[in-house]
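Engineer: Build me a model from this:
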Amino acid sequence: MKVLIIEDEVLAVERLKDLLSAYDASIEIINDFDSIESVVAYFQKGNAMPDLILLDIQLADGISFKIFEKVDLSCPIIFTTAYDQYALEAFKVNSVDYLLKPIQKTELEKALAKYKTIYASSPTLPTSQIDQKLIQEMLTQMSKTYKKRFMVKSRQSLIGLPVEQVLFFFTESKISWLKDSDNKKYAVDYTLEELEQLLDPNLFFRINRKYILSFPAINKVSNYSNSRLIIDLKFSKEEEPIIVSREKVKHFKNWLNQ
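Structural biologist: Numbering: from 1, shown residues only. Presented below is the predicted three-dimensional model:
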């Protein structure tokens, strides 16, 4: 199997090479590139497509999806990224898989096994087709700016509270509230659904219908019944346990480990 690595972090390239070699010593890494320009130049010279590409989303000279505007990458792709998992969920249908950094040995092995099952066993199967509309949506998502502060009412005054000081958002009596790092509680004029769109997903995660958390808000995460997780939250006075919804457990673990 011939593999091309497109990645701008030297240490990440070396790790991928080591992991690939450990997985299968017969894998041939034909080249590695760190920029859009170098990849485009390589293929425009008529070089053949590899069997598989490992493609970082953020390269030295921009978002790697721009490569698809200039080159028809007609081979299977495994995306690698430090971006939030939800933002890339749609790419499961257009690629072999995507891996969150730092790349874990077991996750890469699963992706390679998936590649072999889907593609390597039958060369007549269609290769990945990248949806240009989806790419544009991803570019828009990645360039999106997120809310930096909230104007909240404190007695008779309005104060600007930076998001870095927010521990979590929650709903109570049909009102949305935020709790800050000083254990102060303020009402906000947004629903949790609206807050999900306004907040940086690398900094905040919605664990259920009632809570959106930041990492500093978490004291402890423990296993709970039915494959769920229970959160010990700073400054929370909830009598009922704060539970991560079962369908969000995997995503939540990835978010914690980013």
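
Engineer: next one: phi and psi at the residue sitting furthest away from the middle of the chain?
Structural biologist: The C-alpha centroid of the chain is most remote from residue 156, which lies 40.6 Å away (CA atoms, centre = their mean). Torsion angles at residue 156 (phi, psi; degrees, to the nearest 10) stand at phi -100, psi 10.

Engineer: From residue 184, how far out is it?
Structural biologist: Note on residue 156: its distance to residue 184, by CB to CB, to the nearest Å, is 16 Å. Heads up, the C-betas are built off the backbone N, CA and C, glycines and all.

Engineer: And for residue 2?
Structural biologist: 58 Å.

Engineer: ok, now residue 174?
Structural biologist: Residue 174 is 21 Å from residue 184, by CB to CB.

Engineer: The two - which one has more neighbours?
Structural biologist: residue 184 (14 against 6; other CB atoms under 10 Å).

Engineer: quick one, what contacts the more buried one?
Structural biologist: Residue 184 makes contact with residue 154, according to CB atoms under 8 Å, 6 or more residues apart in numbering.

Engineer: At which residues are the helices of this structure located?
Structural biologist: Secondary structure of the chain by DSSP state H: the helices cover 10-23, 36-44, 105-115, 132-142, 192-198, 249-256.

Engineer: which helices and strands does the first one pack with?
Structural biologist: Looking back up the chat, that one is helix 10-23. Under the contact definition 3 or more CB pairs under 8 Å, 6 or more residues apart in numbering; DSSP states H and E, helix 10-23 sits against strand 2-6, strand 28-33, helix 105-115.

Engineer: what's the most buried one of these?
Structural biologist: Comparing the helices and strands packed on helix 10-23 by mean neighbour count (mean count of other CB atoms under 10 Å), strand 2-6 ranks first with a mean of 22.

Engineer: Direction included, what does that strand pair up with?
Structural biologist: strand 28-33 (parallel), strand 52-56 (parallel) (DSSP bridges).

Engineer: quick one: it to helix 105-115, angle?
Structural biologist: Strand 2-6 and helix 105-115 meet at an angle of 130 degrees, taking axes from the mean of the first three to the mean of the last three CA atoms, to 10 degrees as the criterion.

Engineer: what is the mean pLDDT for strand 2-6?
Structural biologist: For strand 2-6, mean pLDDT rounds to 96.

Engineer: ok, now stretch 227-247?
Structural biologist: Stretch 227-247 comes out at a mean pLDDT of 86.

Engineer: Looking only at that stretch, what residues are buried by neighbour count?
Structural biologist: If you call a residue buried by 16 or more other CB atoms under 10 Å, then stretch 227-247 has these buried ones: 228, 229, 231, 233, 234, 236, 242, 243, 244.

Engineer: how's the protein carved up into domains?
Structural biologist: Following automatic domain parsing, one gets these domains for the chain: 2-142, 149-256.

Engineer: Lowest average pLDDT across those domains?
Structural biologist: Here the domains of the chain differ in mean pLDDT, and the lowest is domain 2-142 at a mean of 81.

Engineer: Show me where the stretch 151-258 of the chain has its strands.
Structural biologist: Per DSSP state E, counting those that start in this stretch, the stretch 151-258 of the chain carries strands over the ranges 157-162, 166-172, 175-180, 185-188, 204-206, 211-214, 218-223, 229-233, 242-244.
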